[in-house]
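here is the input, now give the coordinates:
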Amino acid sequence: MSVDAAPARILVADDQELNRDLLSRRLRADGHRVDLAEDGPRALAMLEGAPYDLVLLDIMMPGMDGYDVLARIKASEALRHLPVVMVSALDETESVVRCLELGADDYLTKPFNAVVLRARVGASLARKWLHDREQLYARSLARELEIGREIQQGFLPPACPVLPGWQIAARFEPARSVAGDFYDAYVLPGGHVALVVADVCDKGVGAALYMALFRSLLRALAVQAALQRRPDDAILAEVTAHTSDYIATVHDRANMFATAFFAILDPADGRIRYVNAGHDPPFLAGAAGAPRRLGATGPALGLVAGAHYAVGTDTIEPGELLLAYTDGVTDARTADGSGFSEERVEAILRESGPAAGAGESAAAGGRAGRLLERIAAAVTAYAGSGERFDDATMLAVVRSSCAVPAS
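Okay, the predicted model is just below:
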């Protein structure tokens, strides 16, 4: 059965019983189910009470005429996509134009021509069913993206590690349903803590798929190396090189890469060893003085095979914090295109006081969580609540001023 021959439920609204009878007989002969309304209020009540595929609406009705009924249909969120064919003895350009301006799909004049009626009804129904299929596809796609978002959330740690004398907090805000950003924070075999913030190139589903691949490679290889009692420097250099080579050789045709900050923290003494693979340099900030930056030690992961990654070393002293983030934070833009900037992030860090003592709740995120909330609020206030330009991810690590060494 073709689309225009498929049966439909049609409402005929006309104050003349003869016209209602004539239209209903011809529509039923084509296999459609037909309901009848004798005036405008009755037609609207029936439309609110049952689903219809098409309305044949007479213009000249007493009380509420067809123009008023059409205007109410098109003003309704639930009915606005319902096709309406206006029916009238008037064959005037002004009447046709008014109906089309109000949102009518077509116009039919009396007396009815059976061939024209069938053609107008068929065309209107075809447009309606095409819209229905588009809506069904859109809902299906939205559901698939929601499933993808739920799966991607599963790749992020359900909670950051809780360590005596330390506070670790993260914030992940995708620009779309799924994202190319990710962070990771977990305790390696041996007690040291792995920290990752990364940003896969591009956006949307493709970036999200590679996000899962990058994250899984980094974590699996790091845990395996730690189980082999490899030193932190070797873990960082080897894991980043192996991950980069895998992407660059196995998935070279996709031209995908990721910038990443990958660090291993020794919670006993605050020593942090890291690889910065082309990522925005994280801040290391203390209670006083300018924050220092942990700059690049190698190219983005997957950009080129055979890349070498040097390992940087620093120490998070008592009272200091580490802040790593993706460029969705600093590149958040106002309507005129100006970005939030690193300078604003640094200003917030300078205004942050020294870390509290060891008694502050690490599980609640403490100073680390409050810092991320403050930056996120500043970004929102700066860029507004409109659609996000890019994913925004942050990870903060704070060493309390009276840190308790890990056992």
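
okay, helices next: where are they in the protein?
17-29, 40-49, 66-75, 93-102, 114-155, 204-227, 232-250, 327-330, 342-351, 366-383 (DSSP state H).

Gly180 is nearest to which of those?
Closest to Gly180 of those, according to Cβ to Cβ: helix 204-227, at 2.9 Å. Any C-beta I mention is one placed from the backbone N, CA and C, and that applies to glycine too.

what helices and strands are in contact with the closest one?
helix 114-155, strand 181-187, strand 193-200, helix 232-250, strand 258-265 (3 or more Cβ pairs under 8 Å, 6 or more residues apart in numbering; DSSP states H and E).

contacts for it, please.
Helix 204-227 has contacts (Cβ atoms under 8 Å, 6 or more residues apart in numbering) with 145, 148, 151-152, 155, 176, 178-182, 184, 186, 188-190, 192, 194, 196, 198, 200-201, 234-235, 238-240, 242-243, 246-247, 251, 254, 256, 258, 260, 262, 301-302.

can you do 6 Å?
152, 155, 176, 178, 180, 182, 188-190, 194, 196, 200, 235, 239, 242-243, 256, 258 (Cβ atoms under 6 Å, 6 or more residues apart in numbering).

likewise stretch 9-26?
With Cβ under 6 Å, 6+ apart as the test, stretch 9-26 has contacts from 27, 32-39, 43, 52-58, 61, 114.

would you map out the domains in this structure?
Domain ranges of the chain: 3-143, 156-399, per automatic domain parsing.

just these: most buried one?
domain 156-399 (a mean of 19; mean count of other Cβ atoms under 10 Å).

could you pull up the mean pLDDT of that domain?
For domain 156-399, mean pLDDT rounds to 89.

how long is it end to end?
23 Å (Cα to Cα, to the nearest Å).

please apply the same query to stretch 247-258.
Start-to-end span of stretch 247-258 (Cα to Cα) is 10 Å.

starting at the chain centroid, how far to that stretch?
Centre-to-centre, stretch 247-258 and its host chain are 24 Å apart (Cα atoms, centre = their mean, to the nearest Å).

with stretch 55-73 instead?
A distance of 41 Å separates the centroid of the chain from that of stretch 55-73, by Cα atoms, centre = their mean.

CA atoms only for it - export them in PDB, please.
C-alpha atoms of stretch 55-73 as PDB (Å, rounded to 0.1, in the frame of the first residue of the first chain):
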ATOM      1  CA  VAL A  55      -8.600  17.900   9.600                       C
ATOM      2  CA  LEU A  56     -11.000  19.100   6.800                       C
ATOM      3  CA  LEU A  57     -12.200  22.400   8.200                       C
ATOM      4  CA  ASP A  58     -15.000  24.600   6.800                       C
ATOM      5  CA  ILE A  59     -14.300  28.300   6.900                       C
ATOM      6  CA  MET A  60     -17.800  29.700   7.100                       C
ATOM      7  CA  MET A  61     -19.200  28.300  10.300                       C
ATOM      8  CA  PRO A  62     -21.400  30.300  12.800                       C
ATOM      9  CA  GLY A  63     -19.900  31.400  16.100                       C
ATOM     10  CA  MET A  64     -16.300  30.200  15.900                       C
ATOM     11  CA  ASP A  65     -15.400  30.200  12.200                       C
ATOM     12  CA  GLY A  66     -12.700  28.100  10.500                       C
ATOM     13  CA  TYR A  67     -10.100  30.900  10.700                       C
ATOM     14  CA  ASP A  68     -10.400  30.900  14.600                       C
ATOM     15  CA  VAL A  69     -10.300  27.100  14.800                       C
ATOM     16  CA  LEU A  70      -7.200  27.000  12.500                       C
ATOM     17  CA  ALA A  71      -5.400  29.600  14.600                       C
ATOM     18  CA  ARG A  72      -6.100  27.600  17.800                       C
ATOM     19  CA  ILE A  73      -4.900  24.400  16.200                       C
END
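
which residues sit against it?
With Cβ under 6 Å, 6+ apart, stretch 55-73 has contacts from 11-15, 23, 39-41, 43, 79, 84-88, 102, 104.

quick one: mean pLDDT for that stretch?
On average, stretch 55-73 scores 92.

so which residues of the stretch 301-407 of the chain form strands?
In the stretch 301-407 of the chain, the strands defined using DSSP state E, counting those that start in this stretch lie at 312-315, 321-325, 392-399.

now distance to Ser352 too, for the ones you listed, in CSV please.
Below are the strands of the stretch 301-407 of the chain laid out as CSV (distance: least, Cβ to Cβ, whole Å):
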stretch, distance to Ser352
strand 312-315, 18
strand 321-325, 7
strand 392-399, 9
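
mind checking which of the ones you listed is nearest Gly337?
Gly337 lies closest to strand 392-399 among those, at 17.2 Å (Cβ to Cβ).

hmm, who's touching the closest one?
166-173, 181, 183, 197, 270, 316, 318, 320-326, 328-329, 355, 367-368, 371-372.

what's the offset of that strand from the middle of its chain?
For strand 392-399, the distance to the chain centre is 22 Å (Cα atoms, centre = their mean).

that strand pairs with which strands?
Strand 392-399 pairs in its sheet with strand 166-173 (antiparallel), strand 321-325 (antiparallel), by DSSP bridges.

and the angle from the first one to strand 181-187?
If I follow you right, that is strand 166-173. Strand 166-173 and strand 181-187 are oriented at 160 degrees to each other (axes from the mean of the first three to the mean of the last three Cα atoms, to 10 degrees).

wait, Pro282 touches Leu294, no?
Yes. Counting by Cβ atoms under 6 Å, Leu294 is a contact partner of Pro282 at 4.9 Å.

thinking again about what came up before, okay, the helices and strands packed on helix 204-227 in TSV with distance to Ala277 next?
Shown next, in TSV, are the helices and strands packed on helix 204-227 (distance: least, Cβ to Cβ, whole Å):
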stretch	distance to Ala277
helix 114-155	19
strand 181-187	14
strand 193-200	8
helix 232-250	6
strand 258-265	5
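
Arg344 is nearest to which of these?
Taking Cβ to Cβ, strand 193-200 is the member of the helices and strands packed on helix 204-227 nearest to Arg344, at 18.5 Å.

what does that closest one contact?
161, 180-188, 207, 210-211, 218, 222, 258-265, 324, 326, 395.

which non-adjacent residue is nearest the residue nearest in space to the middle of the chain?
The C-alpha lying nearest the average C-alpha coordinate of the chain belongs to Arg176 (Cα atoms, centre = their mean; 1.9 Å). Distance criterion Cβ to Cβ, 6 or more residues apart in numbering; nearest residue to Arg176, sequence neighbours excluded, is Gly204 at 5.8 Å.
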